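In: Below is the sequence, then the predicted model.
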Amino acid sequence: MTAMINDTGEANNRIATAATLLRHARRVAVLTGAGVSAESGVPTFRGSDGLWEGHRIDEVATPMAFRDDPRLVWRFYNLRRANLRTVQPNPGHFALAELEQRFAGEHFTLVTQNVDSLHRRAGSQRVLELHGNLSRTRCMQCHAIEDRGLDELGELPHCPHCNGLLRPDIVWFHEALPAATWEEAALMTSLCDVFLVVGTSAVVYPAAGLIVAAKRSGAKVIEINLAETDASYHADVRLTGPSGALLPGLLKAIG
Ligand code: OAD
């Protein structure tokens with residue numbers, strides 16, 4: 001019983017410390033990963049077994065996989081697109097959107113590895129999507145990028161303009177991040193006083209490199225995650241638990 005009270009007290013202290021850092025910050029940058037959408041019902045990548053139909057996720061999310069078996073890769077992404085039709089932003093997404101309101105314009109930037117649009121749907125404005133977006137397609141032939149929403153695309157969709165093969169507009173393993181988006185994320189990271197890392201295992205680079213970059217530029221790092229991660233070592237404050245509960249709690253503590 002005493003231990004439980006102490007644990008709760010310690011957790012409350014950490015929230016209070018994180019809230020103080022955010023209250024005094026002039027500029028904030030946030031990096032989110034799949035964990036922030038977990039409570040919406042979007043599966044994470046490195047969850048219980050990290051497998052999809054017996055494939056490792058990083059086997060289907062590569063240009064080589066698409067060249068060898070585009071149908072298989074589209075099946076994977078069509079399932080993820082179908083899942084998005086059923087999900088809604090959760091209180092964690094909404095708390096981040098509300099946090100943004102407390103900062104002027106460019107003083108708050110949300111960098112996400114997620115491709116599910118849930119931050120925007122929750123009202124976040126300055127969102128930098130490092131890994132693309134599930135609603136967009138890109139033509140392999142004419143390179144046209146189009147937002148197709150969450151419509152059924154069929155098992156092997158082709159370009160309405162040139163009939164070339166379409167691919168999801170997602171950044172796959174072995175591919176470069178969109179340059180302008182990445183440069184903006186790196187700049188905002190270097191300028192922030194507080195860097196908030198939410199729901200990412202912090203193992204995929206270059207995104208995870210932003211955490212060390214923030215630290216090197218003198219920012220305080222706050223981590224919110226269910227578990228210890230590769231980011232934890234760099235965190236000044238670690239809040240352990242579900243982001244759907246911790247983020248609204250943090251917002252409330254900021255006052
Ligand atoms: P991961 O699946 O690697 O990690 C999800 C993290 O979220 C883990 O650290 C979990 O502990 C944590 N988590 C799960 N549920 C949570 C919750 N309710 N509240 C807080 N934390 C929670 O996902 P990412 O780090 O996003 O890239 O993966 C990075 C990239 O790897 C993805 O963008 C994707 C993938 O391959 C591409 O598709 C290019």
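Out: Looks like it came in fine.

In: residue ranges for the strands of the stretch 51-200 of the chain, please.
Out: 51-52, 55-56, 108-112, 127-129, 132-139, 145-147, 166-170, 194-198 (DSSP state E, counting those that start in this stretch).

In: want to throw those strands into TSV with mean pLDDT, distance to the ligand and mean neighbour count?
Out: Placement of C-beta: from N, CA and C, glycine included. Below are the strands of the stretch 51-200 of the chain laid out as TSV (pLDDT from 0 to 100; distance: least, CB to the nearest ligand atom, whole Å; neighbours: other CB atoms under 10 Å):
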stretch	mean pLDDT	distance to the ligand	mean neighbour count
strand 51-52	66	11	14
strand 55-56	78	10	13
strand 108-112	98	8	25
strand 127-129	98	10	22
strand 132-139	98	8	19
strand 145-147	96	17	12
strand 166-170	98	6	22
strand 194-198	98	7	26
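
In: Can you check which of those strands gets nearest to T8?
Out: strand 194-198 (21.5 Å; CB to CB).

In: May I have the strands that pair with the closest one, each with its orientation?
Out: Strand pairing for strand 194-198, using DSSP bridges, gives strand 28-32 (parallel), strand 220-225 (parallel).

In: Buried deepest among those strands, which one?
Out: Stretch with highest mean neighbour count among the strands paired with strand 194-198: strand 28-32 (a mean of 27; mean count of other CB atoms under 10 Å).

In: near the ligand at all, that strand?
Out: No: contact of strand 28-32 with the ligand (CB under 6 Å from any ligand atom) is absent, the minimum separation being 7.6 Å.

In: Could I get the buried residue list for the next helix or strand after that strand?
Out: Scanning forward in sequence from strand 28-32 by DSSP states H and E, the next helix or strand is helix 35-38. Of all the residues in helix 35-38, those buried under the rule 16 or more other CB atoms under 10 Å are G35, V36, S37, A38.

In: if we look at the ligand, which of these are close to it?
Out: Among those, the ligand is touched by G35, A38 when using CB under 6 Å from any ligand atom.

In: Would you mind listing what in this structure touches the ligand?
Out: Counting by CB under 6 Å from any ligand atom, the chain comes close to the ligand at 33-35, 38-39, 44-46, 57, 61, 113, 131, 171-172, 199-201, 204, 224-227, 229, 242-244.

In: Among the residues you listed, name the buried ones.
Out: Buried, going by 16+ other CB under 10 Å: 33-35, 38-39, 44-45, 57, 61, 113, 131, 171-172, 199-201, 204, 224-225, 229, 242-244, out of the residues of the chain next to the ligand.

In: pLDDT weak spots in the stretch 51-200 of the chain?
Out: Along the stretch 51-200 of the chain, segments meeting pLDDT under 70 span 51-53.

In: before we move on, back to that, please convert the buried residues of helix 35-38 to JSON lines, extending it with distance to P89 and pLDDT.
Out: Listed next are the buried residues of helix 35-38 as JSON lines, based on distance: CB to CB, whole Å; pLDDT from 0 to 100:
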{"residue": "G35", "distance to P89": "14", "pLDDT": "96"}
{"residue": "V36", "distance to P89": "10", "pLDDT": "98"}
{"residue": "S37", "distance to P89": "8", "pLDDT": "97"}
{"residue": "A38", "distance to P89": "12", "pLDDT": "95"}
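
In: and of the buried residues of helix 35-38, the nearest to A180?
Out: Closest to A180, out of all of the buried residues of helix 35-38 and judged by CB to CB, is V36, at 23.5 Å.
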